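# pasting a predicted model and its sequence here:
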Amino acid sequence: MYVFTEHARERWEERIGGELPSMLEIQGIIEESVVLQKFRLAYTPRGMPLVFLSVYWNARRSIVMKIDERCGRVVTVLGAEGSGNTGINCGHGA
């Protein structure tokens, strides 16, 4: 099951608003989402670990969640509404 980090809770309140989803609801959001990036653990040539978080986009909720699959934690949440920047015109004009 998945849980929110403190950072993700704060970002949810700031960017999404409303009640924080339960662990079961998070699982449902993930199941109906498009995977933009799969979780990967890689290593540099010097043996230092690099963690690539899972990134899920849920079109119905207009959110993107980044998840650390090693520990089942939602690390951060992005939302089109409430963020002040939908990225539609990439900051190039109105």
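The structure has been received and is ready for your questions.

# where in this protein is pLDDT low?
When residues are selected by pLDDT under 70, those of the chain lie in 81-94.

# ok now do the residue nearest in space to the middle of it, which residues does it touch?
Taking C-alpha atoms, centre = their mean, the centroid of the chain lies closest to residue 65, which sits 1.4 Å from it. For residue 65, the contact set (C-beta atoms under 8 Å, 6 or more residues apart in numbering) comprises 8, 26, 29-30, 33, 55-56, 58, 74, 76-78. Where you see a C-beta, it was placed from the backbone N, CA and C, and this is true even at glycine.

# for residue 13, what are its contacts?
residue 20.

# quick one: secondary structure of residue 61?
What DSSP: H, G, I helix; E, B strand; the rest coil gives for residue 61 is coil.

# then the one 3 residues further on?
Taking three-state DSSP as the rule, one finds residue 64 in the strand state.

# I figured it hits residue 53, correct?
No: taking C-beta atoms under 8 Å as the definition, residue 64 is not a contact partner of residue 53, at 11.0 Å.

# can you pull up the bridge partners for the residue nearest to the centre of the chain?
Residue 65 has these beta-bridge partners by DSSP bridges: residue 56, residue 77.

# show me the contacts for residue 32.
Shown in contact with residue 32 (C-beta under 8 Å, 6+ apart): 58, 60.

# please apply the same query to residue 40.
Shown in contact with residue 40 (C-beta under 8 Å, 6+ apart): 51-52.

# name whatever forms a beta bridge with it.
The partner list for residue 40 in beta bridges (DSSP bridges) reads residue 52.

# many thanks, I have nothing further to ask.
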